[in-house]
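J.: got a predicted structure plus its sequence, pasted below:
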Amino acid sequence: MNTKLKYRHELKFMINRHQYFVIRQKLKSIVEQDSHVGPTGEYHIRSLYFDDINNTALHEKLGGIRDRSKYRIRIYNNSDKLIHFEKKIKFNDFIAKLKEPLTRDMHDSIISGNYEVLNIPDRPLLQELYYEMRNNLLRPKVIVDYAREPYVCPRGNVRITFDKELRTGLNSTNIFDESLNSIPAIDDNLIILEVKFDEYIPEYIRVALQLEGLNQQSASKYVICRKYLKTNIWEDY
């Protein structure tokens, strides 16, 4: 465990639309919306996930390996004003995230196969990505696309998000394609509820979320979306 990282708890639940409306109504009177939301109370997230030649991130998740990591490029609202290359780390029941900003030119170079733009010694995450791409053939695998409705509470540093309309891009790694050919990855009635916190969840939030009545799930958007690729990655399972 890297003690220099900020590790947090993360709970995930798959809920239906009725549960969403009930929980959201209770939350709105006790927590604030994230300041980055637009007029609809949401923002759009599009991520391009990477995996190596052995599909290590995919198989470790499917195999129930507790300590694992995955890489992705993430943008918001289909804009190139903020582009991050991220590494999400899971250790036991904790998560942490490392990220580095990319310029649009750097992004385009990476997608075109020019990984030298990542060879920057004083930026460790980019250097790690450069190594993974050169030695383990880390490559773009799938686009994950959804709308996020986020709420925050400073007590316990709690962040609650409803991720809706999960879609995946078919056979494309162009996250800036406004006409991306995407399809629903889960039933439209389902929403992914995520709860992240540092040490504790205040009791009044726990009650509003109805956590005692929800079944915690390992809802990996990456794994859900990978099943739509033409290549049959499930043949060994």
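T.: Alright, I've got the coordinates.
J.: show me the strands in the chain, by range?
T.: 8-16, 32-33, 43-51, 68-76, 79-91, 94-102, 139-153, 158-169, 182-184, 190-197 (DSSP state E).
J.: nearest to Y228, of the ones you listed?
T.: With CB to CB, the closest approach to Y228 among those belongs to strand 158-169: 5.2 Å. Placement of C-beta: from N, CA and C, glycine included.
J.: who does the closest one pair up with?
T.: According to DSSP bridges, strand 158-169 forms sheet pairs with strand 139-153 (antiparallel), strand 182-184 (antiparallel), strand 190-197 (antiparallel).
J.: still on that earlier bit, can I get the strands of the chain in a markdown table with distance to N215, mean neighbour count and mean pLDDT?
T.: Shown next, in a markdown table, are the strands of the chain (distance: least, CB to CB, whole Å; neighbours: other CB atoms under 10 Å; pLDDT from 0 to 100):
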| stretch | distance to N215 | mean neighbour count | mean pLDDT |
| --- | --- | --- | --- |
| strand 8-16 | 7 | 17 | 94 |
| strand 32-33 | 26 | 13 | 94 |
| strand 43-51 | 24 | 21 | 97 |
| strand 68-76 | 22 | 20 | 97 |
| strand 79-91 | 20 | 16 | 96 |
| strand 94-102 | 20 | 16 | 95 |
| strand 139-153 | 21 | 21 | 96 |
| strand 158-169 | 17 | 21 | 95 |
| strand 182-184 | 22 | 14 | 91 |
| strand 190-197 | 11 | 20 | 95 |
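J.: would you reformat the strands paired with strand 158-169 as TSV and include distance to E10?
T.: TSV is the format used below for the strands paired with strand 158-169 (distance: least, CB to CB, whole Å):
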stretch	distance to E10
strand 139-153	14
strand 182-184	24
strand 190-197	5
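J.: quick one: L211 and K12 touch, right?
T.: No: contact criterion CB atoms under 8 Å: L211 and K12 do not qualify, at 11.7 Å.
J.: could I get the CA-only coordinates of stretch 22-42 as PDB?
T.: What follows is stretch 22-42, C-alpha atoms only, in PDB (Å, rounded to 0.1, in the frame of the first residue of the first chain):
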ATOM      1  CA  VAL A  22     -36.800   8.300  -3.500                       C
ATOM      2  CA  ILE A  23     -33.200   8.600  -2.500                       C
ATOM      3  CA  ARG A  24     -32.500  11.800  -4.400                       C
ATOM      4  CA  GLN A  25     -35.500  13.500  -2.900                       C
ATOM      5  CA  LYS A  26     -34.200  12.700   0.600                       C
ATOM      6  CA  LEU A  27     -30.700  13.800  -0.300                       C
ATOM      7  CA  LYS A  28     -31.600  17.200  -1.700                       C
ATOM      8  CA  SER A  29     -32.600  18.600   1.600                       C
ATOM      9  CA  ILE A  30     -29.400  17.500   3.500                       C
ATOM     10  CA  VAL A  31     -26.500  17.700   1.000                       C
ATOM     11  CA  GLU A  32     -25.300  20.100  -1.700                       C
ATOM     12  CA  GLN A  33     -24.800  19.400  -5.400                       C
ATOM     13  CA  ASP A  34     -21.300  19.500  -6.700                       C
ATOM     14  CA  SER A  35     -20.400  22.900  -8.000                       C
ATOM     15  CA  HIS A  36     -19.400  21.600 -11.400                       C
ATOM     16  CA  VAL A  37     -22.900  20.600 -12.500                       C
ATOM     17  CA  GLY A  38     -24.700  22.300 -15.300                       C
ATOM     18  CA  PRO A  39     -28.300  23.600 -15.500                       C
ATOM     19  CA  THR A  40     -29.600  20.100 -15.500                       C
ATOM     20  CA  GLY A  41     -27.800  19.200 -12.300                       C
ATOM     21  CA  GLU A  42     -25.500  16.800 -14.100                       C
END
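J.: cheers, nothing more for now.
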